[in-house]
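what's the 3D shape of this:
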Amino acid sequence: YISIVEALKHASYFHDADVDIEYINASDLEEADANYEEIFKGVDGILVPGGFGDRGIEGMIRAVRYARENKIPFFGICLGMQCAVIEFARHVLNLADANSSEMEPATAHPVIDLMEEQKGVTAKGGTMRLGAYPCALKKGSKVAAAYGKLNISERHRHRYEFNNDYLEQFEKDGMKAVGVNPDTNLVEVVEIENHPWFIGVQYHPEYKSTVQSPSPLFVAFVKAALEHAKK
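Residues are numbered from 1 along each chain as shown. All right, here's what the predicted structure looks like:
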């Protein structure tokens, strides 16, 4: 996760602030006696990064829920965005068994599913969606405000995506698709309404962040965390 750590540092330099990063093992959040109030005490922003496999996945989903319900700035990247989608489906849409087909192939509600072009692929090597792709942002969204423009390009590294079969349900209940690939209609960015700052992205904005040109989303996330700290 060094690229994410560096991107957070770049954003902190931009705001002339010190970002104190606390690493939380997602598996610890799965323990029956986990005290979330204690674990997240003093935390002003929660970031769930990318990754593969199902280890700690339920803990990540619980971290998302804590951020959503307690109005803590949240930033989900790749798998982190997918966890946000799963959490919202389970606890807002009341699809109790919603999941990613990567984690639970037999799930009745695959709100995250294998990309269409990946279905039938058995050899995993080199088959992921890699490289930079365009994304059209929705005017008036927090993500558009962060970038200061409506058309961006960011780098990807994934095989699973938001299942558009559920898009209408999500948007009806407050999770909006505010960034979409104009060529494939792939949902790239989601935001939750009525939350100070809750953004999930399918791409990896940390890959393009530098000291001289920090990632706009990391800059916006750190700003939201600073505002939460002042409260």
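
switch to C-alpha atoms for all contacts and neighbour counts from now on
OK.

what's the local residue count around Ser101?
If you count neighbours by other CA atoms under 10 Å, Ser101 ends up with 18.

then the one 3 residues further on?
Here the neighbour count serves as a burial measure; for Glu104 (other CA under 10 Å) it reads 14.

and it, what pLDDT?
As predicted, Glu104 sits at a pLDDT of 90.

kindly report the same for Arg129.
The model reports Arg129 with a pLDDT of 52.

ditto for the one 10 residues further on
We have a pLDDT of 97 for Lys139.

can you check Glu116 too?
Note for Glu116: predicted pLDDT of 57.

what do you get for Ala132?
With respect to pLDDT, Ala132 scores 79.

could you do Lys124 as well?
Looking at Lys124, its pLDDT is 48.

pLDDT of whichever helix in the chain runs longest, averaged?
The longest helix of the chain (DSSP state H) is helix 216-230. In this model, helix 216-230 carries a mean pLDDT of 97.

against which helices or strands is it packed?
Using 3 or more CA pairs under 8 Å, 6 or more residues apart in numbering; DSSP states H and E, the elements in contact with helix 216-230 are helix 2-14, helix 142-147.

let me know which of the ones you listed is the nearest to Glu104.
Closest to Glu104 of the helices and strands packed on helix 216-230, according to CA to CA: helix 2-14, at 27.4 Å.

return the set of buried residues in the closest one.
Within helix 2-14, the residues that count as buried by 16 or more other CA atoms under 10 Å are Ile4, Glu6, Ala7, Leu8, Lys9, His10, Ala11, Ser12, Tyr13, Phe14.

now the helices and strands packed on helix 216-230 as CSV including mean pLDDT and distance to Pro216?
Putting these into CSV (pLDDT from 0 to 100; distance: least, CA to CA, whole Å) gives the following:
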stretch, mean pLDDT, distance to Pro216
helix 2-14, 96, 8
helix 142-147, 97, 5
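
these: which one's closest to Ser153?
Going by CA to CA, the one of these nearest Ser153 is helix 142-147, 10.8 Å.

one step back: list the contacts of the longest helix of the chain.
Here helix 216-230 makes contact (CA atoms under 8 Å, 6 or more residues apart in numbering) with 7-8, 10-12, 14-15, 19, 44-45, 72-75, 143, 146-147, 196-197, 205-206.
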